[in-house]
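Visitor: Fold the stuff below for me.
(one chain, ligands or ions: 1)
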Amino acid sequence: MSNNIKNLLDIQDENITFEEDCVTYGTHKGIAYQFIHGRLSYEPNSCLKCGAKKEGSSIYKNGSQKSRITLNMSGMRPTYLVLKKQRFFCKDCQSSFTAETPIVKKHCFISNNVKSEVAVKCSEAQSITNISRDCCVSHATVQRVINDAAKHFKPHYRALPEHLSFDEFKYAKGKMAFEYINAETGEILDTLEGRTNKMIRDHFITYYDLTHRKRVKTVTIDMNSAYVSVIKELFPNADIIIDRFHIIQLINRSMNKTRIKVMNTFNTSNNEDLKKYRRLKGYWKLILKNQSDLLSTEYRYYKLFGQRTERSIVQEMLAYDEELSTNYELYQTLLRAITRQEFNNLNMLLNEKRQAEINGYFRTSIKTLKKHLPYIMNSFKYPYNNGRIEGINNKIKVLNRVAYGYRNFQNYKKRILLHFYFKPASINQNKKLSTA
Ligand SMILES: [Zn+2]
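Guide: The predicted model follows:
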């Protein structure tokens, strides 16, 4: 009996024993609880107060003390261990002490197992409210576990990788935070509460000396970011790269806005117009797709078109409107030059005299591309592909969900550290946490 329960509860301390009918049930504030009553006792070798060795009856058993410890959930009910701990009296120092167990820290009522479970859940994309509910501990306890665990993952300053990537993310309503990443490994190196040039400058100057900063070879940035000047100042030898993912994203947006603008002109009471409207609304992906990737021989059934090929669908939609077709041509030429990394071609395209039909969305994009041309060229020169940036962006999306409700950036930052560095599979780290 005793051993079964111990296995079930994952209690390895052999000084804890359970008797036949040790499980009772109760309710508190309408919630059903399960109590498991156990006993903790052993023969101490020495006094926990004065350290004197036990000789004969110099230390004797003297009463007991009950404490209620939160265990992991078992079944649907929150489970508590009501542990009757042996008290001892030491003749040497004339004082009492209580038996101890490694399943729980001194003066703590939440078992180490529960704490590890909370830490694992915190490293996943779960809200604090859910973790608190699932592990039967308070919000404050969850935050305490995060704080303790995050201590193990302090960012190590001084050295910098050769290839950095700067990014930003939203962490609370209207608030943006800054992060820098090792561009080769995708590892987040640190996060800052704001993204102003002053904050970034102060951070890098405080934590990294110029010798280290001079070794940085590239910094990859988002096209919309305003970091160019601060990067030149902090990393005098670094090439600035605008990732191709962001470049494509920019012209993608212009194409999409153009499609929506044209589409909305067909939102009338005329049936022919409405048909065009629905088609432009439904097949936006085909318009954004690289033209050379459109299937031209494979026939498939399309709800709004019937049996057709991708290419013929796009051709038909482009014929609806001149603004759409002219801007589409430009979009495709830009896309081709960027994906094939034809720098001279791109340069020529950006400096061409524009046709009147080229709309404001593309004019703005071209202006932005021209402004960043040297950094775009660097993106052709260095091997950083879209995949990594996309991967990081996905991670950040996860973080944004995790961060929901965080107003305190320091707490949020600890959560990020846990999220990226705490590997539940690593037994060592679990051990480290439970003995911390
Ligand atoms: Zn003593």
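Visitor: Which positions in stretch 349-366 come out as buried?
Guide: 349, 350, 358, 359, 361, 362, 365, 366 (16 or more other CB atoms under 10 Å). The C-beta positions use only the backbone N, C-alpha and C, and glycine is treated the same way.
Visitor: ok now that stretch, how far from the chain's centre?
Guide: 38 Å (CA atoms, centre = their mean, to the nearest Å).
Visitor: Please apply the same query to stretch 28-47.
Guide: On CA atoms, centre = their mean, the centre of stretch 28-47 falls 38 Å from the chain's centre.
Visitor: Kindly report the same for stretch 275-294.
Guide: Here stretch 275-294 is found 33 Å from its chain centre; the criterion is CA atoms, centre = their mean.
Visitor: From start to finish, how long is it in a straight line?
Guide: For stretch 275-294, the first-to-last residue distance is 22 Å (CA to CA, to the nearest Å).
Visitor: try stretch 98-108
Guide: Chord length of stretch 98-108, first to last residue, is 13 Å (CA to CA).
Visitor: Now do that stretch, average pLDDT.
Guide: On average, the pLDDT along stretch 98-108 is 84.
Visitor: can you list the residues of the stretch 201-350 of the chain near the ion?
Guide: By CB under 5 Å from the ion, no residue of the stretch 201-350 of the chain approaches the ion.
Visitor: can you map out the helices along the stretch 201-350 of the chain?
Guide: All helices of the stretch 201-350 of the chain, identified by DSSP state H, counting those that start in this stretch, fall at 210-214, 228-234, 244-265, 271-282, 284-288, 310-318, 322-339, 343-351.
Visitor: would you list those in TSV and tack on mean pLDDT?
Guide: What follows is the helices of the stretch 201-350 of the chain, written out as TSV (pLDDT from 0 to 100):
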stretch	mean pLDDT
helix 210-214	93
helix 228-234	94
helix 244-265	92
helix 271-282	95
helix 284-288	94
helix 310-318	96
helix 322-339	94
helix 343-351	91
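Visitor: Ok, which of the ones you listed comes nearest residue 373?
Guide: helix 343-351 (6.8 Å; CB to CB).
Visitor: Run the angle between that closest one and helix 322-339 for me.
Guide: Interaxial angle, helix 343-351 versus helix 322-339 (axes from the mean of the first three to the mean of the last three CA atoms, to 10 degrees): 150 degrees.
Visitor: Next, format the helices of the stretch 201-350 of the chain as JSON lines and append distance to residue 12.
Guide: Formatted as JSON lines, the helices of the stretch 201-350 of the chain follow (distance: least, CB to CB, whole Å):
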{"stretch": "helix 210-214", "distance to residue 12": "46"}
{"stretch": "helix 228-234", "distance to residue 12": "51"}
{"stretch": "helix 244-265", "distance to residue 12": "49"}
{"stretch": "helix 271-282", "distance to residue 12": "60"}
{"stretch": "helix 284-288", "distance to residue 12": "56"}
{"stretch": "helix 310-318", "distance to residue 12": "62"}
{"stretch": "helix 322-339", "distance to residue 12": "58"}
{"stretch": "helix 343-351", "distance to residue 12": "64"}
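Visitor: per-residue pLDDT, the residue sitting furthest away from the middle of the chain?
Guide: Relative to the centre of the chain, the most outlying C-alpha is that of residue 56, 58.7 Å out, by CA atoms, centre = their mean. Among the per-residue scores, residue 56 holds a pLDDT of 91.
Visitor: picking up where we left off before, tell me which of the buried residues of stretch 349-366 fall in helices.
Guide: Per DSSP state H, helices hold the following members of the buried residues of stretch 349-366: 349, 350, 361, 362, 365, 366.
Visitor: Which pair in those has the greatest spatial separation?
Guide: 349 and 361 (16.0 Å).
Visitor: So which of the helices of the stretch 201-350 of the chain is nearest residue 383?
Guide: helix 244-265 (10.9 Å).
Visitor: Can you tell me what sits against that closest one?
Guide: Identification of contacts with helix 244-265 by CB atoms under 8 Å, 6 or more residues apart in numbering yields 222-223, 276-277, 280-281, 284, 287-288, 320-321, 323-324, 327-328, 331, 334-335, 338-339, 359, 361-362, 364-365, 368-369, 376, 379, 385-386, 389-390.
Visitor: ditto for stretch 50-70
Guide: 39, 41, 43-47, 78-93, 95-96, 98, 103-104, 109-111, 114, 135-137.
Visitor: ok, and which of the residues you listed reach the ion?
Guide: Filtering these for neighbours of the ion using CB under 5 Å from the ion leaves 47, 90, 92, 93.
Visitor: which of these are buried?
Guide: 47, 90, 92.
Visitor: Same list (the ones in helices among the buried residues of stretch 349-366) but as JSON lines, adding distance to residue 8.
Guide: Formatted as JSON lines, these follow (distance: CB to CB, whole Å):
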{"residue": "349", "distance to residue 8": "69"}
{"residue": "350", "distance to residue 8": "69"}
{"residue": "361", "distance to residue 8": "63"}
{"residue": "362", "distance to residue 8": "66"}
{"residue": "365", "distance to residue 8": "62"}
{"residue": "366", "distance to residue 8": "67"}
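Visitor: and of those residues, the nearest to the ion?
Guide: Here the nearest of these to the ion, counting by CB to the ion, is residue 365; it sits at 78.9 Å.
Visitor: can you pull the contacts of the closest one?
Guide: 250, 251, 253, 254.
Visitor: Only whichever of these are buried, select them in ChimeraX.
Guide: Entered in ChimeraX, the line below selects the buried ones among the contacts of residue 365, by 16+ other CB under 10 Å:
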select :250,251,254
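Visitor: sorry, back to before: so which of the ones next to the ion among the contacts of stretch 50-70 are in strands?
Guide: residue 90 (DSSP state E).
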